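> Fold the following, please.
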Amino acid sequence: MTQAIKIDNLKYNYNDDQVLFDGFNLEIDSGQWVALVGHNGSGKSTLAKLILGLIAANSGNIDVFGERLTVDTVHHVREQIGMVFQNPDNQFVGATVADDVAFGLENKQTPSIEMPRMIDEALSIVGMLDFKDREPHMLSGGQKQRVALASVLALQPKIIILDEAMAMLDPDGRATIMRTLQDLKSRFGRDITLVTITHDMDEAILADRVVVINDGQLILDGTPASVFSQYDIIHHNGLELPFAGELVEKLDTKPKSYLDERELIQWLSHLNK
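Predicted coordinates:
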């Protein structure tokens, strides 16, 4: 299987006295949806910046689809990665939604004859085509984040990293973005790799794989079910389980394995039969 990202023996210091990553290793396969989770200050956003080449590691290697990240390759590596940040307003530059999606295409020197089709395709994927003539600041938080995602999708990256992209949204906005990400995976399959950075385990449960880090150390790595079954380790690292997991821990009688909300409801309905 093709590796989208390979991090080998990564070392990074905030300064001479504060070491964050010291021999960190991580591999992400093409087409995977990986949730990178940890409490604030655990190093997850810093790791994203290192992968993008926004900051430089002290030592170690980062490969993106087999290409070593260096000073000479950083621009080509970045072309393969799209980034969606926590506050979508920080990414808006256009007077309208369509103008904003067009901005990256213009920088990429996309032929103008192709741009309308690419803009409409990207907005259609995230369900925002009907809003293309709206002013971005007039949209709701969830709509803004979907436009930010469309701006990334228009550039056709192989990897999309969402850095706490749902942290500022209300429950409805968060649910909409989560559904959009699920639709992306259904639509593109192995042609797109998703990395969602979050401290919200209800977001992480949708991923194929959950990676828990704390103070630059890899703590847990596996399927959501296997990671979320490690109740004590999750709590020890300043995190909570998804709602269903927290509820199970309060029950006198517990299921034998981790269950998501749907599975837990089904299990509870048969408990007293």
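> so the spatially closest residue to residue 207 that is not a sequence neighbour, which of the three states?
Of all residues not flanking residue 207 in the chain, residue 35 sits nearest, at 3.8 Å (C-beta to C-beta, 6 or more residues apart in numbering). C-beta: built from backbone N, CA, C; applies to glycine. When classified by DSSP: H, G, I helix; E, B strand; the rest coil, residue 35 comes out as strand.
> Likewise for residue 98?
helix.
> give the contact list for it.
By C-beta atoms under 8 Å, 6 or more residues apart in numbering, residue 98 lies in contact with 119, 123, 132, 133.
> for residue 154, same thing?
Counting by C-beta under 8 Å, 6+ apart, residue 154 touches 101, 104, 105, 118, 119, 121, 122.
> I'd like these as TSV, with secondary structure and neighbour count appended.
Formatted as TSV, those follow (DSSP: H, G, I helix; E, B strand; the rest coil; neighbours: other C-beta atoms under 10 Å):
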residue	secondary structure	neighbour count
101	helix	28
104	helix	18
105	helix	20
118	helix	18
119	helix	23
121	helix	15
122	helix	26
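> Would you write a ChimeraX line that selects the buried entries of the contacts of residue 98?
Command for ChimeraX that selects the buried part of the contacts of residue 98, burial taken from 16 or more other C-beta atoms under 10 Å:
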select :119,123,132
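> Pick out whichever of the contacts of residue 98 sits closest to residue 219.
Nearest to residue 219 among the contacts of residue 98 is residue 123, at 38.4 Å by C-beta to C-beta.
> where does the residue nearest the centre of the chain fall, phi/psi-wise?
By C-alpha atoms, centre = their mean, the mean C-alpha position of the chain lies nearest to residue 196, the distance being 1.6 Å. When quoted as degrees, to the nearest 10, the phi and psi of residue 196 stand at phi -110, psi 120.
> Dig out what it forms beta bridges with.
Beta-bridge pairing for residue 196 (DSSP bridges): residue 35, residue 162.
> just checking, it touches residue 165?
Yes: using C-beta atoms under 8 Å, residue 196 is in contact with residue 165, at 7.3 Å.
> so who does the nearest residue to residue 74 once chain neighbours are set aside touch?
Using C-beta to C-beta, 6+ apart and skipping the chain neighbours, the partner closest in space to residue 74 is residue 53 (3.9 Å). Contacts for residue 53 (C-beta under 8 Å, 6+ apart) come out as 69, 74, 77, 78.
> and stretch 203-220, how far apart are its ends?
With C-alpha to C-alpha, to the nearest Å as the measure, stretch 203-220 spans 17 Å from end to end.
> and that stretch, what's its mean pLDDT?
Stretch 203-220 shows a mean pLDDT of 92.
> Could you list the low-pLDDT ranges of the stretch 151-273 of the chain?
Residue ranges of the stretch 151-273 of the chain with pLDDT under 70: 272-273.
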